[in-house]
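S.K.: Task: produce atomic coordinates for the following.
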Amino acid sequence: MIKEYLDNVRSYLKDLPTDEREELLQFYEEQMLDAGYSIQEIEAKYGTPKQFARSLKIEYFIENDEVADDMVPRSTRTKNRMNLVWLVILGLFASPILIPVAIGLIGILIAAVIGFLGILFGIYVGIIGVLAGGLIAFVNGVLLLWQSVATGIFYIGAGLLLTGAVIFFAPIVWRMTRWLFEMLVTFIKWIGNRYLSKNNVKGAR
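M.R.: Numbering: from 1, shown residues only. Take a look at the predicted model:
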């Protein structure tokens, strides 16, 4: 019965790397056999195969995100994070008890995304505006040199100053953008750990 249960769990874990999936299932098989659990006790502790598989995938993506380093392609990490967000939302909606949490989470996500995009739009429009102003001032300064050297130098200096400010602040803005995104991902991971980890799967049935 344990083998049949874990085979059902395996069918929901096809998107995990084969080696890690089999190692994970072997660990739980040994744990269940050593404890002498009946199928009823397994479902009472871990939930249905689908619920248990979902909780394992959530924890897998959370743990891999936390240990990810520069060797992990950014596209892979982004894909894993999107999978995590989707699993958390599906897991919350799968439980009648947690549907209000799911609705609240989606509301927060929508508000966060809108706010995030709004901040980015404002910041980058400002950067583009300053850069354009710097370039225009520089060009005007060059043209004005023929009429007034002092005025031309002033505009050239202003243009270089504005352009330099953009070059200086652009990395800071990029780091701020990444920080805001990391805060959003951290919140999603907290929700997954709090409500949908394997330790809480029974309560999310």
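S.K.: can you list the weak-confidence ranges in this protein?
M.R.: Low-confidence segments of the chain (pLDDT under 70): 66-75, 94-99, 101-102, 195-205.
S.K.: if you set the cut-off to 90 instead, what comes out?
M.R.: 1-4, 7, 12-205 (pLDDT under 90).
S.K.: What separation do you get for the residue sitting furthest away from the middle of the chain and G134?
M.R.: Distance from the centre of the chain peaks at Q147, with 55.4 Å (C-alpha atoms, centre = their mean). As for Q147, its distance to G134 is 21 Å (criterion: C-beta to C-beta, to the nearest Å). In short, each C-beta sits where N, CA and C put it, glycine included.
S.K.: Quick check: closest non-adjacent residue to the residue positioned nearest the centre of the chain.
M.R.: Per C-alpha atoms, centre = their mean, the C-alpha nearest to the average position across the chain is that of V185, at 3.9 Å. Distance criterion C-beta to C-beta, 6 or more residues apart in numbering; nearest residue to V185, sequence neighbours excluded, is R81 at 5.8 Å.
S.K.: Which elements pack onto the strand or helix carrying the one you found?
M.R.: In the assignment (DSSP states H and E), R81 maps to helix 74-93. Under the contact definition 3 or more C-beta pairs under 8 Å, 6 or more residues apart in numbering; DSSP states H and E, helix 74-93 sits against helix 49-67, helix 99-144, helix 149-195.
S.K.: I'd like these as a markdown table, with distance to L87 appended.
M.R.: Converted to a markdown table, these look like this (distance: least, C-beta to C-beta, whole Å):
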| stretch | distance to L87 |
| --- | --- |
| helix 49-67 | 5 |
| helix 99-144 | 12 |
| helix 149-195 | 7 |
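S.K.: any idea which of the ones you listed is most buried?
M.R.: Most buried of the helices and strands packed on helix 74-93 by mean neighbour count (mean count of other C-beta atoms under 10 Å) is helix 49-67; its value is a mean of 20.
S.K.: can I get the CA coordinates of that helix in CSV?
M.R.: Extracted in CSV, the C-alpha atoms of helix 49-67 (Å, rounded to 0.1, in the frame of the first residue of the first chain):
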residue,chain,number,x,y,z
PRO,A,49,-0.9,11.7,-2.9
LYS,A,50,-1.8,14.9,-4.7
GLN,A,51,-1.6,17.1,-1.6
PHE,A,52,1.6,15.5,-0.4
ALA,A,53,3.2,15.9,-3.9
ARG,A,54,2.2,19.6,-4.0
SER,A,55,3.7,20.2,-0.6
LEU,A,56,6.9,18.4,-1.6
LYS,A,57,7.2,20.5,-4.8
ILE,A,58,6.6,23.8,-2.9
GLU,A,59,9.3,22.9,-0.4
TYR,A,60,11.6,21.7,-3.2
PHE,A,61,11.3,25.1,-5.1
ILE,A,62,11.7,27.1,-1.9
GLU,A,63,14.8,25.2,-0.8
ASN,A,64,16.3,25.3,-4.2
ASP,A,65,15.6,29.1,-4.5
GLU,A,66,17.3,29.7,-1.1
VAL,A,67,20.5,27.8,-2.1
